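Colleague: sequence unknown, structure follows:
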């Protein structure tokens with residue numbers, strides 16, 4: 001597929017499913033945290049942009065894309081994760097090409113579990129002043145038309161798939177996950193064709209005990225992916241207000257700069273000019289004239305001081321929002337709260353940042369599979385999370401206790417229940 005580019009216009013209407021889709025028609029989606037891209041080397045070109053803000057955006061934007069996809073009704077579970085997963089029917093990667101409050105540019109690549117590329121496209125949008133109003137978390141971003149355009153492109157591709165193609169994608173996902181856990185017994189079920197697309201050569205028996213173990217592991221993997229997604233959701237809501245304020249200030253300044261250069265600078269220049277004008281008027285030697293223009297001097301001086309102060313306040317507010325965003329970005333990309341995982345009575349701590357924790361978890365899944373006796377006696381129990389996370393996990397435990405051997409292969413684990 002050739003790489004495409006699109007400049008997004010206003011009022012992009014999101015495509016919505018006209019009816020509730022059946023479970024077997026839904027595809028699960030994973031969105032990897034975006035690449036932050038690079039900033040201009042010249043400090044003047046950055047004009048207040050920072051690597052910390054860009055890192056914050058790389059975590060924020062995928063979450064809003066998730067909400068934009070969820071509303072359409074075409075998808076099953078949608079996760080935001082720090083790294084790739086084999087446990088998703090569709091994997092989305094993104095890169096921030098440009099973001100300065102006024103303009104947003106993203107490159108999106110979406111690949112299904114067969115290794116078929118659905119989308120390889122760059123999107124860019126310039127935000128209009130009225131698009132900064134009435135923003136709502138989950139519902140409306142200043143660049144909502146861009147998010148709608150991405151969601152529409154993915155929905156259109158999905159809607160051109162036949163029911164058999166959707167079934168094949170779901171099956172390949174489950175077999176690739178099984179292969180990632182235990183390559184030797186499962187890799188014989190998949191082939192790579194001349195285009196590097198995965199095809200199914202055969203299917204394991206439904207009562208295969210190895211499949212039963214892998215399906216039980218997959219249920220727990222989905223539970224942890226839910227937890228990671230919840231962490232990114234919490235971050236998104238913390239960041240929403242300071243980030244939207246920062247973008248609004250940035251966009252206002254940039255729009256004004258395009259028209260009469262920088263707004264805050266212009267206010268200060270005019271203010272200083274007014275003050276200087278008042279001083280100059282005060283230097284008039286004719287006393288009668290000087291007395292007659294005293295009121296004007298006062299107005300100029302007061303107006304000039306107000307303009308300078310207004311410009312200063314605008315910069316100060318923008319700076320405050322920028323500092324909050326940078327602090328949140330730094331806190332999220334540093335050490336994350338450890339996950340404590342208990343397996344067969346032994347406690348394992350997953351430490352490091354989110355990506356490192358997720359990598360350790362995937363390795364742990366492979367170790368769990370090797371502990372065959374432990375698989376029958378008990379699966380890993382995630383402990384040591386905050387109360388919200390515990391509630392989130394406990395509320396979803398019931399669907400996981402099904403016997404996987406009684407389920408068809410294309411509805412393994414929780415799926416989209």
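Modeller: Okay, I see it. These numbers were taken from a predicted model, which means no experiment stands behind them.
Colleague: Name the SS class of residue 98, please.
Modeller: Following DSSP: H, G, I helix; E, B strand; the rest coil, we place residue 98 in the strand state.
Colleague: burial count for residue 120?
Modeller: Residues lying near residue 120 (other C-beta atoms under 10 Å) number 15. Using the backbone N, CA and C atoms, a C-beta is placed for each residue, glycine as well.
Colleague: Low-confidence ranges, the stretch 1-150 of the chain, go.
Modeller: The stretch 1-150 of the chain contains residues with pLDDT under 70 at 44-45.
Colleague: Can you tell me the closest non-neighbouring residue to residue 159?
Modeller: Distance criterion C-beta to C-beta, 6 or more residues apart in numbering; nearest residue to residue 159, sequence neighbours excluded, is residue 74 at 7.6 Å.
Colleague: List the contacts of the one you found.
Modeller: Residues in contact with residue 74 (C-beta atoms under 8 Å, 6 or more residues apart in numbering) are 15, 17, 21, 26-27, 154-155, 158-159.
Colleague: What ranges does the stretch 151-300 of the chain have for its strands?
Modeller: Assigned by DSSP state E, counting those that start in this stretch, the stretch 151-300 of the chain shows strands spanning 190-192, 198-200.
Colleague: what lines up beside the last one in the sheet?
Modeller: Put plainly, it is strand 198-200. Strand 198-200 pairs in its sheet with strand 190-192 (antiparallel), by DSSP bridges.
Colleague: Only the buried residues of the partner strand, if you could.
Modeller: residue 190 (16 or more other C-beta atoms under 10 Å).
Colleague: follow-up on the earlier one: buried ones among the contacts of residue 74?
Modeller: For those, a burial check counting by 16+ other C-beta under 10 Å picks out 15, 17, 21, 26-27, 154-155, 158.
Colleague: Measure how buried residue 70 is and give me the count.
Modeller: Residue 70 is flanked by 16 other residues according to other C-beta under 10 Å.
Colleague: again, but for residue 177
Modeller: 24.
Colleague: Over to residue 359?
Modeller: 14.
Colleague: my guess is it is in a helix, correct?
Modeller: Yes. Counting by three-state DSSP, residue 359 falls inside a helix.
Colleague: can you tell me how far the nearest residue to residue 224 once chain neighbours are set aside sits from residue 38?
Modeller: Leaving out its chain neighbours, the residue that sits closest to residue 224 by C-beta to C-beta, 6+ apart is residue 361, at 5.9 Å. As judged by C-beta to C-beta, to the nearest Å, residue 361 and residue 38 stand 30 Å apart.
Colleague: out of those two, which sits in the busier spot?
Modeller: Using other C-beta under 10 Å as the criterion, residue 361 and residue 38 rank with residue 361 on top: 21 against 12.
Colleague: wouldn't the more buried one be in contact with residue 350 here?
Modeller: Yes. With contacts counted by C-beta atoms under 8 Å, residue 361 reaches residue 350, the gap being 5.9 Å.
Colleague: just to revisit the earlier point, just name the closest of the contacts of residue 74 to residue 175, please.
Modeller: Set against residue 175, the nearest of these by C-beta to C-beta is residue 27 (15.3 Å).
Colleague: and the closest one, bridged to which residues?
Modeller: Under the criterion used (DSSP bridges), residue 27 bridges to residue 75.
Colleague: do the same with residue 4
Modeller: The residues listed as beta-bridge partners of residue 4 by DSSP bridges are residue 121.
Colleague: burial count for residue 164?
Modeller: For residue 164, the neighbour count with other C-beta under 10 Å is 8.
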